[in-house]
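Asks: next comes the sequence, and after it the predicted model I'd like to discuss.
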Amino acid sequence: MASTKVKALVIGGRDFKEKDKLVELFTLEQGKLTVSMKGVRGEKAKMKFAKEVFCFGEYVLENTKGMNIVSQVEIIDNFFGLTSDIDKFYEASAIVDIVRKTLGVQANPQLFIETIKALKCLCYDNVKSLYVIDKFLINIFKAMGYSFLTSTCSSCSAKLGDIRYFNLGVGEIVCPSCKNGTCISISPACFSAMKILDQTDYEKLSTIRLAPSSEVEVYHLLEKNFEWRTGERFISALIS
């Protein structure tokens with residue numbers, strides 16, 4: 001029986017049989033895996049905490065009849081603080097949902113490290129709401145090849161002034177002359193806020209303060225861009 005150890009983050013799961021659970025793992029080494037955790041829904045189960053979303057640890061997998069079964073877990077962090085603060089919980093849940101909807105079948109170490117950094121920052125640092133998910137989305141788009149925080153129009157290369165538009169059709173920023181039907185306007189404060197977020201490491205996000213008027217504008221712009229780039233909508237990071 002083959003045994004494999006993976007570093008993994010729980011990003012989902014569903015109940016199976018009487019006390020088992022099928023758990024969706026985002027692993028550093030193998031990308032997304034669905035594994036079986038036997039008896040973990042029992043009150044005295046030793047690994048019951050390792051089945052919960054946000055749990056990060058080293059999972060030992062035994063391959064039996066084509067199914068990976070978790071035999072042992074060493075928890076690195078359960079990010080418990082995310083479940084005790086409703087704002088952080090919504091934001092963290094949105095980050096995990098973004099991961100589930102962008103992760104392919106192959107390993108993606110860059111996305112894995114990015115996700116762990118984002119969750120650590122959100123859980124342990126005194127960061128204002130939406131800063132972490134906004135930075136996370138900006139970095140996701142950069143990894144996709146969309147470098148839109150430039151000083152020139154992506155279409156005609158003219159220098160951008162205060163009036164600029166985000167072209168959702170191509171995922172880039174354009175000048176008024178290149179505006180078309182898929183463009184939405186971006187305020188100077190919104191553009192400035194995205195630049196600051198882009199240039200600030202997760203470890204330093206707690207030190208910045210953005211203009212209040214731009215915080216939600218940045219989030220909604222990045223949310224729309226994600227939908228255009230992927231064809232998917234992620235769960236909202238805002239409490240309705």
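Replies: Looks like it came in fine. Numbers count the residues shown, from 1 in each chain.
Asks: tell me the pLDDT of the residue most central in space within the chain.
Replies: Nearest to the mean C-alpha position of the chain, by C-alpha atoms, centre = their mean, lies Ile95 at 3.1 Å. Note on Ile95: pLDDT of 98.
Asks: that one: what's it in contact with?
Replies: Going by C-beta atoms under 8 Å, 6 or more residues apart in numbering, Ile95 touches Thr115, Ala118, Leu119, Leu122, Val132, Ile133, Phe136, Ala237. For the C-beta atoms, the positions are set from N, CA and C on the backbone; glycine is no exception.
Asks: how about Ser214, what does it touch?
Replies: Contacts for Ser214 (C-beta under 8 Å, 6+ apart) come out as Ser187, Ala189, Cys190, Ser192, Ala193.
Asks: now flag whichever of the residues you listed is closest to Glu217.
Replies: Sorting the contacts of Ser214 by distance to Glu217 puts Cys190 at the head of the list, at 4.5 Å, by C-beta to C-beta.
Asks: pLDDT on the lengthiest helix in the chain, on average?
Replies: Identified as the longest helix of the chain according to DSSP state H is helix 212-230. For helix 212-230, mean pLDDT is 93.
Asks: can you give me the distance of the residue nearest to the centre of the chain to Ile235?
Replies: 10 Å (C-beta to C-beta, to the nearest Å).
Asks: cool, Glu24 as well?
Replies: Distance, Glu24 to Ile235, by C-beta to C-beta: 15 Å.
Asks: show me the strands in this protein, by range?
Replies: 3-16, 20-27, 31-37, 56-64, 67-77, 164-167, 172-174, 183-186 (DSSP state E).
Asks: dump the ones you listed to CSV, plus mean neighbour count.
Replies: Formatted as CSV, these follow (neighbours: other C-beta atoms under 10 Å):
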stretch, mean neighbour count
strand 3-16, 17
strand 20-27, 22
strand 31-37, 19
strand 56-64, 18
strand 67-77, 16
strand 164-167, 22
strand 172-174, 21
strand 183-186, 16
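Asks: where in the protein is pLDDT low?
Replies: The chain contains residues with pLDDT under 70 at 1, 240.
Asks: how does it divide into domains?
Replies: 3-77, 80-230 (automatic domain parsing).
Asks: on that earlier part again, ok, of the contacts of Ile95, which one's closest to Lys32?
Replies: Thr115 (12.0 Å).
Asks: now do the contacts for that closest one.
Replies: Applying C-beta under 8 Å, 6+ apart, we find Thr115 in contact with Leu9, Phe26, Ile95, Val96, Val99, Phe136.
Asks: 10 Å - rerun?
Replies: Residues near Thr115 by C-beta atoms under 10 Å, 6 or more residues apart in numbering: Leu9, Ile11, Phe26, Phe56, Ile95, Val96, Ile98, Val99, Leu103, Asn108, Phe136, Ile140.
Asks: can you give me the distance of the third one to Ala193?
Replies: When you say that, I think you mean Phe26. Between Phe26 and Ala193 the computed distance is 29 Å (C-beta to C-beta).
Asks: what do you get for the fifth one?
Replies: With distances taken as C-beta to C-beta, Ile95 is found 19 Å from Ala193.
Asks: Lys38 and Ile239: what is the separation?
Replies: Separation of Lys38 from Ile239 (C-beta to C-beta): 36 Å.
Asks: who has more neighbours, those two?
Replies: Neighbour totals were compared for Lys38 and Ile239, and Lys38 leads with 16 against 10 (other C-beta atoms under 10 Å).
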